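Enquirer: Just to be clear, the model below is a prediction. Sequence and coordinates:
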Amino acid sequence: MSNRRSADSRLVDNRLPFKTSHWFSEDAPDPKASRAFSSEESAKTEATREEREGWSKEKPRKPDRNLYCDIAIVGAGFAGLSAALEIKCRNPKLDVSIFEAQHAGFGASGRNAGWLMGLPPLLWLLEDTENEKRWEEIRFVSRNIESNLRELKTFLKEQGYSPDQIWQPSRHHLVARNALEEATIRWAAPRFAKAGYPTEQISAARTGDIVSYPARSAIAYEIDTIHPFHLVRSLKAICERNAINIYEDAAIQSVKSGHTQVELKTSAGYMVRAAKLILATNAYTDRIERNFPIPEAKPKHTYMLATNPLDDATLDRISRSRAPFGDPALSFYIGRLHGRSLLFNGVDRDSAVREEDDRHVRSFMKLERALFKRFPFLDSTSIGSAWAGAYLQTGTEAPIVGTVPGHPNVILSIGYGGGSGVGTALMSGKLTADLATEDRMDSDAERMRTLFASGMRWPIGGFLRAGLSILKGMISGSI
């Protein structure tokens, strides 16, 4: 008990090693080569009316004058960067500029735990298994996200990056510690399979290779683990090499949508005019004054810990297979070994996206207790990093993607949360490019946008069905 008390006291006294993100301390790899999409097509075109009126197209590192661009993107996370790249790939002549209040990847894109999968919003798995039409739609979304991730990995390699430095294929193990959790993973397994993610059932005898704490069974399915900030930095470098302007430390205070263009006001008082705006600000959207509404969504925080480097014996005690793991507790705790450290996260809570939320002591205390409960031999292990990330989540965890009704020059690309948010955010480019360029409508993107919008309802019936099915399975020992 003395060790546990000292751990709680360390947290209460704010001596835990808080960081903006565990990942920011590691530099991103430099590309060996990086090609522009088309240098000839990216050449400067004849002066526009805006330029003749004094709205400059010459871009400083930070806006120090009024600017004009064809497409302004606010937010330099996965959603904003992928949108910029896809737009520039489709039409290299367009002047695309990204405005970021802090630095690229400052938000959830650089402050998550590094899980990457192609599943659709996880709450969609609550759908009735007899509703084949809905499950075909779920598989359609999952296939498109997976396909985009494969294309992105190939794209990074073509740009001179080693994908192995950014992400690794892996298998996630969902471990059941008790009868309720075992019934939960038995309920989840066929739904993962229907969504296009087949699972392997793992017996109690084999779970000892996955985790050292007692378990009744587990299921395994394919995922990727990533270094999120390396991925952000790589995408940023590719953007810059393809004449996409990225302004960091350039907060946007207000946005005003007009009939033919959008006006943005920076924190320094300068104005930016753009023909189109993509708002990719996720949890930070409400910090910008706007003359248009957005659908309802709540900002949330998730919390993460990383131990200091561990020796081989301790790593083996955590997981002999060194594979990612988690358990379906109410807070859904998950862990992975990165380098020689254990990364452990969970404890999602509503937030106001303040610094106090980044350092919410009670949440870190809860997370640390959950870590020590599963691995008591780590009770005296020092924590190397404690960090949190804010994200925006809708009622059914589907993102908000599309033009704002009555404001056709404003495109929203926000609300990437719900456990599969990283994979979906990296889809932002394909979801928004046709709207921004007004090119031929992308039928797959339009269908996904429609499904995301129609899926934004609270699945009360799904929760009831899931609860009754899990309870029945717990009592009978099967689903």
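Expert: Everything's here; your move. The model shown is predicted, which means the values in this text are computed figures rather than measured ones.

Enquirer: Contacts only, for the residue nearest to the spatial centre of the chain.
Expert: Most central in the chain under Cα atoms, centre = their mean is Val422, positioned 2.8 Å from the mean C-alpha point. The neighbours of Val422, taking Cβ atoms under 8 Å, 6 or more residues apart in numbering as the test, are 78, 109, 112, 115-116, 226, 228, 416. Every residue, glycine included, has its C-beta placed from N, CA and C.

Enquirer: From Arg374, how far off is it?
Expert: Taking Cβ to Cβ, to the nearest Å as the measure, Val422 and Arg374 are separated by 24 Å.

Enquirer: Could you do Val74 as well?
Expert: Using Cβ to Cβ, we find Val74 at a distance of 40 Å from Arg374.

Enquirer: Settle it for me: which of the two has more neighbours?
Expert: Using other Cβ atoms under 10 Å, the more surrounded residue of Val74 and Arg374 is Val74, with 26 against 21.

Enquirer: for the more buried one, which residues make a bridge with it?
Expert: Listed by DSSP bridges, the beta-bridge partners for Val74 are Phe99, Leu279.

Enquirer: try Arg273
Expert: Tyr68, Glu263.

Enquirer: surely it meets Gly258?
Expert: No: the criterion here is Cβ atoms under 8 Å, and Arg273 misses it with Gly258 at 9.3 Å.

Enquirer: More neighbours: which of those two?
Expert: Arg273 (18 against 11).

Enquirer: residues contacting the more buried one?
Expert: By Cβ under 8 Å, 6+ apart, the contact list for Arg273 reads 50, 55, 66-69, 261-264.

Enquirer: What segments of the stretch 201-350 of the chain are strands?
Expert: Listed in chain order, the strands of the stretch 201-350 of the chain (DSSP state E, counting those that start in this stretch) span 217-226, 245-247, 252-257, 262-266, 271-279, 289-290, 298-307, 325-327, 333-338, 341-350.

Enquirer: mind putting these in CSV, distance to Arg233 included?
Expert: Below are the strands of the stretch 201-350 of the chain laid out as CSV (distance: least, Cβ to Cβ, whole Å):
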stretch, distance to Arg233
strand 217-226, 12
strand 245-247, 11
strand 252-257, 22
strand 262-266, 24
strand 271-279, 21
strand 289-290, 29
strand 298-307, 19
strand 325-327, 27
strand 333-338, 17
strand 341-350, 19
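
Enquirer: need these in a markdown table with distance to Leu149 and mean pLDDT, can you?
Expert: As requested, the strands of the stretch 201-350 of the chain are exported to a markdown table (distance: least, Cβ to Cβ, whole Å; pLDDT from 0 to 100):
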| stretch | distance to Leu149 | mean pLDDT |
| --- | --- | --- |
| strand 217-226 | 7 | 94 |
| strand 245-247 | 23 | 94 |
| strand 252-257 | 29 | 97 |
| strand 262-266 | 31 | 96 |
| strand 271-279 | 21 | 97 |
| strand 289-290 | 32 | 97 |
| strand 298-307 | 21 | 95 |
| strand 325-327 | 20 | 93 |
| strand 333-338 | 18 | 94 |
| strand 341-350 | 21 | 92 |
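
Enquirer: Tell me which of those strands sits nearest to Asn178.
Expert: Asn178 lies closest to strand 325-327 among the strands of the stretch 201-350 of the chain, at 9.2 Å (Cβ to Cβ).

Enquirer: circling back: what distance do you get for the residue nearest to the centre of the chain to Lys366?
Expert: Between Val422 and Lys366 the distance is 23 Å, computed by Cβ to Cβ.

Enquirer: cool, Tyr416 as well?
Expert: From Tyr416 to Lys366 the distance is 25 Å (Cβ to Cβ).

Enquirer: Mind checking which of those two has more residues around it?
Expert: Ranked by neighbour count (other Cβ under 10 Å), Tyr416 and Lys366 place Tyr416 first, with 32 against 17.

Enquirer: Among the contacts of Val422, which one sits closest to Thr314?
Expert: Out of the contacts of Val422, the member with the shortest distance to Thr314 (by Cβ to Cβ) is Trp115, at 22.6 Å.

Enquirer: ok, how many other residues are close to the closest one?
Expert: 23.

Enquirer: What are the neighbouring residues in contact with it?
Expert: With Cβ under 8 Å, 6+ apart, Trp115 has these contacts: 172, 223, 225-226, 324, 334, 336, 419, 422.

Enquirer: of these, buried ones?
Expert: Using 16 or more other Cβ atoms under 10 Å as the burial test, those include 172, 223, 225-226, 324, 334, 336, 419, 422 as buried.

Enquirer: between those, which is closest to Gln165?
Expert: Closest to Gln165, out of all of the buried ones among the contacts of Trp115 and judged by Cβ to Cβ, is Ile226, at 10.2 Å.
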